[in-house]
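Trainee: pasting the sequence and the predicted model now:
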Amino acid sequence: MEEDKKNSLLKSTMNYGVILGLSLVIYSLFIWMLGETTNKNLSFVTYIIMISGIIISTKTFRDQEQGGYITYGRGLAVGTLTCFFAGIITSFFTFLLYTVIDPGLIDRTYALMENAYYESGMNDNQVETALNLAKKFTNPFTMMVFGFIGSVFMGFVFSLITSVFLKKEENPFESDTL
């Protein structure tokens, strides 16, 4: 019985993780086609999509697999695992975006960083040092790894919050067997 619960948890979170991951990839492709990949304001929509995916995944799991009840901890697990599977898809897409789809995107990102550094008042030596450091952490592979870790972390944080509202524990005093 416990094995069935684990299987249904993994199956459900995997399915919704794929849906969430593909939704995030479609949104990213849309933003890329508009030429707004580096627009920080549009990145907040990503968080809205993630939160929506967590809510849908947790609510569906609660209502269809758990008989309408879910503990806070189980809700946290559902949301985090959903983002784990979504993170696999989105991080792989990030790698493809920067290496295959648009290899020049990384150079445009560096140019924007350089401009931002100069606008913040850095001198040439400081900008060069900051860019060299940034380049160590913004190659496609590193971005893929940190993107995955970030997806899981943000999924955990968002699930901490959403699980408070989605938990619905069974009343131990209400029993069908009397």
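Mentor: All right, it came through fine.

Trainee: and the next element down the chain from the host helix or strand of residue 56?
Mentor: Residue 56 is located in helix 43-60, with elements delineated by DSSP states H and E. Of the helices and strands lying after helix 43-60 in sequence (DSSP H and E), the nearest is helix 72-96.

Trainee: how near is the residue nearest the centre of the chain to residue 28?
Mentor: Taking CA atoms, centre = their mean, the centroid of the chain lies closest to residue 151, which sits 3.3 Å from it. For residue 151, the distance to residue 28 equals 12 Å [CB to CB, to the nearest Å]. Backbone N, C-alpha and C define where each C-beta goes, glycine included.

Trainee: which residues do the two both contact?
Mentor: residue 90 (CB atoms under 8 Å, 6 or more residues apart in numbering).

Trainee: what's the burial count for residue 50?
Mentor: Counted with other CB atoms under 10 Å, the neighbours of residue 50 add up to 25.

Trainee: can you check the one 3 residues further on too?
Mentor: The number of residues packed near residue 53 is 23, by other CB under 10 Å.

Trainee: who are the contact partners of residue 170?
Mentor: So residue 170 contacts residue 69 (CB under 8 Å, 6+ apart).

Trainee: next one: residue 164
Mentor: With CB under 8 Å, 6+ apart, residue 164 has these contacts: residue 72.

Trainee: remind me which helix or strand it belongs to.
Mentor: Going by DSSP H and E, residue 164 is part of helix 140-166.
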